[in-house]
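K.L.:
let me see the structure of the following:
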Amino acid sequence: MAGFEEHCCELIAFKEEFGHCNVPRMCANNQSLGQWCNKMRTAYNKIQKGMKANCNLSQDRIERLEEIGFQLQGVDQDEAFKKHCRELIPFKEDFGHCHAPQKYADNPSFGQWCSHIRKTYKMDQKGMHTDCNLSPGRIE
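P.N.:
Okay, the predicted model is just below:
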């Protein structure tokens, strides 16, 4: 089982690859990291409510995660989806299509999001379970 610092190193590598620390709970690339990130957010939320956390999330560890750029309160998925959709408009105007590459140098997070949405859509079409809420409204 990986320790706190080992997971922090994995988180840093994830951030270098994808441009953010918003590791999904069911991360296809590293399921263990996704579950650990979820555990850290859950523990942080309990601490914020004055409850006892299920793991040792000390103030030093909170500061370490924040230093890396990890958002302990999580990401509002609806806002993130809307933000990336807004980014898609100028991309399409510039390139004439919406197929942003996964490693889009001008905006790595956007490129990764586009790739994730395409993959999720394909999985949805095959009836496979995904970690993303790609509702008919979002598809539209």
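
K.L.:
only C-alpha atoms for contact and neighbour calcs from this point on.
P.N.:
OK.

K.L.:
give the contact list for residue 49.
P.N.:
Counting by Cα atoms under 8 Å, 6 or more residues apart in numbering, residue 49 touches no other residue.

K.L.:
how far away is it from residue 42?
P.N.:
In this view, residue 49 and residue 42 are 11 Å apart by Cα to Cα, to the nearest Å.

K.L.:
same check on residue 22?
P.N.:
Counting by Cα to Cα - residue 22 and residue 42 are separated by 14 Å.

K.L.:
repeat for residue 98
P.N.:
With Cα to Cα as the criterion, residue 98 and residue 42 are 35 Å apart.

K.L.:
who has more neighbours, these two?
P.N.:
residue 42 (18 against 14; other Cα atoms under 10 Å).

K.L.:
give me the element that one is part of.
P.N.:
helix 31-48 (DSSP states H and E).

K.L.:
what's downstream of that helix, the next helix or strand?
P.N.:
helix 59-68.

K.L.:
and the next helix or strand past that following helix?
P.N.:
Downstream of helix 59-68 (by DSSP H and E), the next one is helix 77-95.

K.L.:
okay, which residue is most central for the protein?
P.N.:
Closest residue to the average C-alpha location of the chain: residue 22 at 2.9 Å, with Cα atoms, centre = their mean.

K.L.:
helix, strand or coil: sort out it for me.
P.N.:
Look at residue 22: counting by DSSP: H, G, I helix; E, B strand; the rest coil, its state is coil.

K.L.:
can you tell me how far it is from residue 34?
P.N.:
Distance of residue 22 to residue 34, computed by Cα to Cα: 9 Å.

K.L.:
repeat that for residue 88.
P.N.:
On the measure of Cα to Cα, residue 88 and residue 34 end up 26 Å apart.

K.L.:
how about residue 137?
P.N.:
Residue 137 is 26 Å from residue 34, by Cα to Cα.

K.L.:
what about this protein, any weak spots by pLDDT?
P.N.:
Low-confidence segments of the chain (pLDDT under 70): 1, 26-29, 74-76, 131.

K.L.:
what residue of it is the furthest out?
P.N.:
The chain, Cα atoms, centre = their mean, max distance from centroid: residue 96 (27.2 Å).
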